[in-house]
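S.K.: Here is my input; please provide its structure:
(2 chains)
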Amino acid sequence: MDDLEFRRTIYADPHSRDERLKQAIAQDPAKAQAWQEARQLDDKLKQAAKVPVPDGLAQRLLLRQSMQAHRKQQQQRNWFLGLAASTVLVVGLTFTLWQPGQVDLAENALAHVYHEHKALVVDENLSLEQVNAKLASFGGEFVDDIGKIYYANFCDFQRIKSLHMVVGSPQGKITVFIVPSSESMKFSEYFSDQEYQGKALNMQQASLILVGSKQQILTPLEEKLKAKLRFSA
Amino acid sequence: MFFRKQSPPASVNADMITKQQRYEALVQALHADIYRYAYWLVGDKAVAEDIVQETFLRAWKSLDSLLDEKAAKSWLITILRRENARRFERKQFDLVDMDDYSLADDGPDHDTQLQQREIHQLIGSLAEEYREPLMLQVIFGYSGDEIAEQLDLNKNTVMTRLFRARNQIKDALEQASERRGRKNG
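M.R.: Next up is the predicted model:
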């Protein structure tokens, strides 16, 4: 290692572990001296570079971060509250705006059949009086026996209180809805989906809706109910 | 949609706690050296602290991507240098004028302190391209290879700059002591 390379090495990195540097130092006392001085200078540089760190810098760094995180959380919370508020608003508006909208009888009838599937399973074996008691709230009554009544309960056709029944027939159980007439009803005489078919009959004061499976013939029961259902004026 | 929202906050909070702990560890371990490096980069205590604040805030935001301390250190240095460069884009500063640190009464003896002060000024008067690699080596104990990687230079360039930096300081110190020698003699 020549002089220039030696000097370059000890000034570029006084703590170099280069083997050739070690040899040069071992062989030449002058180089050992120079190396020693270079390391002393480096110690001084380290001392000088260690400028005092401002008091409390670490705490200020942590504080600033936690403020920032807090602000962010707050913003997120506000954002969430905003979302919640506007959701409530939208839901509310939807309800009020939909209210005067049309009630699709067919769609509702099918939805109720699916939703209250238990109605097709239970057997409450209701008497005609019990059913008439319910019908009375619409001003209606069955004037004569309509056969076996498995189920009868009020249900909600988009805010219109209606009667949901399951009635026995030679065709098997058939679901019957009696929905008081309202101005905003969308009425379709025949309707169906993959599983069920339905038939609706407008009786002025109320609609009579029958829903059964695709194999069932609904007309006989419809005729029978129509004949026995009376509404007081 | 609304019901699903209920469980995540708990785990998010848990993540926040460990993230917080990692951040605190990072600050404690590195803030002093990062501040010193910033100081030598900008030559002003207040500006250095500002840049360090910015740097650590950025670190917080990207903490998840920092895997170990070594990577964090090099990452912080990179951010710090970028912040410093941005400062220069905003405003063209005059020549960097290093803050003077006053002499403490209870420090090392007066001569040593005087020399420390001299060296402090000499480091400050080095060209930035010399001062930066020198500080990476002296403050962070970086090797030539690490400095080369950090500053995106080749290693020979780095070694040359380190050599010149120390050489300049040594020459200046010798000249100063000669002047003192003549005065005293």
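
S.K.: Would you tell me which residues of chain A are close to chain B?
M.R.: A:7-8, A:11-14, A:38, A:41-42, A:44-54, A:57-58, A:60-62, A:64-66, A:68-69 (C-beta under 8 Å from any C-beta of the partner chain). (C-beta placed from N, C-alpha, C; glycine too.)

S.K.: and these, which are buried?
M.R.: Among the residues of chain A next to chain B, those buried by neighbour count (16 or more other C-beta atoms under 10 Å in any protein chain shown) are A:7-8, A:11-14, A:38, A:41-42, A:44-45, A:48-49, A:51, A:53-54, A:57-58, A:60-62, A:65.

S.K.: Give me the contacts around stretch A:37-56.
M.R.: The contact list for stretch A:37-56 (C-beta atoms under 8 Å, 6 or more residues apart in numbering or on different chains) reads A:10-11, A:14-15, B:31-32, B:35-36, B:39-40, B:45, B:49, B:101, B:115-116, B:119-120, B:123, B:134-135, B:138-139, B:166, B:169-170, B:173.

S.K.: what residues go with each domain of chain B?
M.R.: Per the record, chain B has its domains at B:1-92, B:110-185, by automatic domain parsing.

S.K.: Dump those into CSV; add distance to residue A:84 as well.
M.R.: Below are the domains of chain B laid out as CSV (distance: least, C-beta to C-beta, whole Å):
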stretch, distance to residue A:84
domain B:1-92, 9
domain B:110-185, 48
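
S.K.: Can you lay out those as TSV showing mean neighbour count and mean pLDDT?
M.R.: As requested, these are exported to TSV (neighbours: other C-beta atoms under 10 Å in any protein chain shown; pLDDT from 0 to 100):
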stretch	mean neighbour count	mean pLDDT
domain B:1-92	16	80
domain B:110-185	16	90
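
S.K.: Can I get those domains in TSV including distance to chain A?
M.R.: TSV is the format used below for these (distance: least, C-beta to the nearest C-beta, whole Å):
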stretch	distance to chain A
domain B:1-92	5
domain B:110-185	4
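
S.K.: can you give me how far stretch B:128-143 is from the chain middle?
M.R.: Computed by C-alpha atoms, centre = their mean, to the nearest Å, the chain-centroid distance of stretch B:128-143 equals 9 Å.

S.K.: what residues does that stretch touch?
M.R.: Residues outside stretch B:128-143 that contact it (C-beta under 8 Å, 6+ apart) are A:13, A:42, A:45-46, A:49-50, B:33, B:36-37, B:40-41, B:73, B:77, B:96, B:123-124, B:126, B:144, B:146-147, B:150-151, B:153, B:158, B:161-162, B:164-166, B:168.

S.K.: one more time with 7 Å
M.R.: Applying C-beta atoms under 7 Å, 6 or more residues apart in numbering or on different chains, the external contacts of stretch B:128-143 come out as A:45-46, A:49, B:33, B:36-37, B:40-41, B:73, B:123, B:126, B:147, B:150-151, B:158, B:161-162, B:164-165.

S.K.: Can you show me the helices along chain A?
M.R.: A:3-12, A:19-27, A:29-49, A:57-98, A:105-115, A:128-135, A:219-228 (DSSP state H).

S.K.: If you count neighbours, what's buried in the shortest one?
M.R.: Judged by neighbour count using 16+ other C-beta under 10 Å, the buried positions of helix A:128-135 are A:128, A:131, A:134-135.

S.K.: Next: the second one.
M.R.: For helix A:19-27, the neighbour count (16+ other C-beta under 10 Å) marks A:21, A:24-25 as buried.

S.K.: Since that was my last question, I'll sign off now.
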